[in-house]
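J.: I'd like to go over a predicted model; first the sequence, then the structure.
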Amino acid sequence: MPNFQTATDPSLDSVFHALADPTRRAVIAQLSSATEPASVSDLAKPFDMALPSFMQHLRVLEGSGLVSTTKQGRVRTCKMEPEALATAQDWIAEQKALWEGRLDRLEAYLSDIQQNEK
């Protein structure tokens with residue numbers, strides 16, 4: 001049975017919203033493969049956009065809890081917060097189990113129909 005509480009969790013919406021944009025997914029990929037936090041300027045280098053536009057993407061990631069930032073002097077560094085993906089991962093696992101069950105029942109039903117036609 002689906003967990004409707006998970007499906008209506010506002011943090012799930014913010015995580016999916018953050019991951020809906022290819023720039024933000026690329027930032028997550030950069031941070032996921034990094035061994036240490038990265039500076040905003042290092043993260044922004046691969047993107048053809050002004051720094052204020054890039055900062056908007058970071059604010060969305062930070063608001064979703066996927067990224068945390070700290071400032072030391074003039075340098076702002078970012079790190080991935082993988083535990084923020086747990087809600088989305090749980091919801092996806094529930095959906096996968098639900099659909100696998102439905103497809104298994106459909107397969108059994110179709111097998112029964114084929115057996116009855118013989």
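T.: Here it is on my side, so go on. Numbering: from 1, shown residues only.

J.: what about Ser32, distance to Ile113?
T.: Ser32 sits 46 Å away from Ile113, going by Cβ to Cβ, to the nearest Å. Glycine gets a C-beta too; all of them are placed from N, C-alpha and C.

J.: any idea how far Lys118 is from the spatially most central residue of the chain?
T.: Most central in the chain under Cα atoms, centre = their mean is Leu19, positioned 4.9 Å from the mean C-alpha point. Using Cβ to Cβ, Leu19 is found at 48 Å from Lys118.

J.: Check the offset of the strand or helix carrying Pro52 from the chain's centre.
T.: Using DSSP states H and E, Pro52 falls within helix 51-64. Distance, stretch centre to chain centre, for helix 51-64: 15 Å (Cα atoms, centre = their mean, to the nearest Å).

J.: What is that helix packed up against?
T.: helix 10-19, helix 22-33, helix 40-44, strand 67-72 (3 or more Cβ pairs under 8 Å, 6 or more residues apart in numbering; DSSP states H and E).
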